[in-house]
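> coords please:
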Amino acid sequence: MTFETKLLGKNFHSLDTKGRLIVPARFREELGSSFVVAISLDKKCITLYPLSEWNKMREKFAKMPTFNKKVVIARRQFFSNSHPCETDPQGRFLIPLDLREAVGITKEVVTVGMEDYIEIWSKERWQLEGPDTYEIDDDIFDELSALE
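Numbering: from 1, shown residues only. Next comes the predicted model:
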């Protein structure tokens, strides 16, 4: 059986004094050394997009009507809170201060593989709002079974 490597699992980490995070080793190949860091659309965490996924997001926004007020607001929120990023030789990257402050990241973080991108949560928020804190609605199982 061939297993396609994707961005899966979660890790607990600490930022260094400069606000840098080491990309978990198992995420490095899939993420690449150049990527985009952004605030998530729900404004609860930071997302890291491999360039291939970032380009897909850009294409989705490009297909939306440019004179729709909701689209303009979403585009502004998404693109103004995004930064190109590169890892250093040790696999670290700087999380911009404005993004850290916006989602409440100070020191302790949780990196979460979401298959095509990575989320970075403050450890405190993850403990309050992560998947172990709520029940999955039965409707999701109906939606998943409809996909077969």
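> what stretches of the protein score poorly on pLDDT?
In the predicted model, the chain carries pLDDT under 70 at residues 1-5, 134, 136, 138, 140-141, 144, 148.
> All the strands of it, in order from the start?
Using DSSP state E, the strands found in the chain span residues 7-14, 20-22, 34-39, 46-50, 82-86, 92-94, 108-115, 118-122.
> Run through the neighbouring helices and strands of the last one.
Contacting strand 118-122 under the criterion 3 or more CB pairs under 8 Å, 6 or more residues apart in numbering; DSSP states H and E are the following elements: strand 46-50, strand 108-115. Heads up, the C-betas are built off the backbone N, CA and C, glycines and all.
> Identify the residue nearest the geometric centre of this structure.
residue 47 (1.9 Å; CA atoms, centre = their mean).
> Relative to residue 122, how far out is it?
To residue 122, residue 47 is 14 Å away according to CB to CB, to the nearest Å.
> what do you get for residue 81?
Distance from residue 81 to residue 122, by CB to CB: 16 Å.
> one step back: correct me, but the residue nearest to the centre of the chain touches residue 38?
Yes - counting by CB atoms under 8 Å, residue 47 touches residue 38, with 5.2 Å between them.
> show me the contacts for residue 64.
71, 74, 75 (CB atoms under 8 Å, 6 or more residues apart in numbering).
> any chance of these in TSV, with neighbour count and distance to residue 129 too?
What follows is the contacts of residue 64, written out as TSV (neighbours: other CB atoms under 10 Å; distance: CB to CB, whole Å):
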residue	neighbour count	distance to residue 129
71	13	27
74	14	21
75	15	26
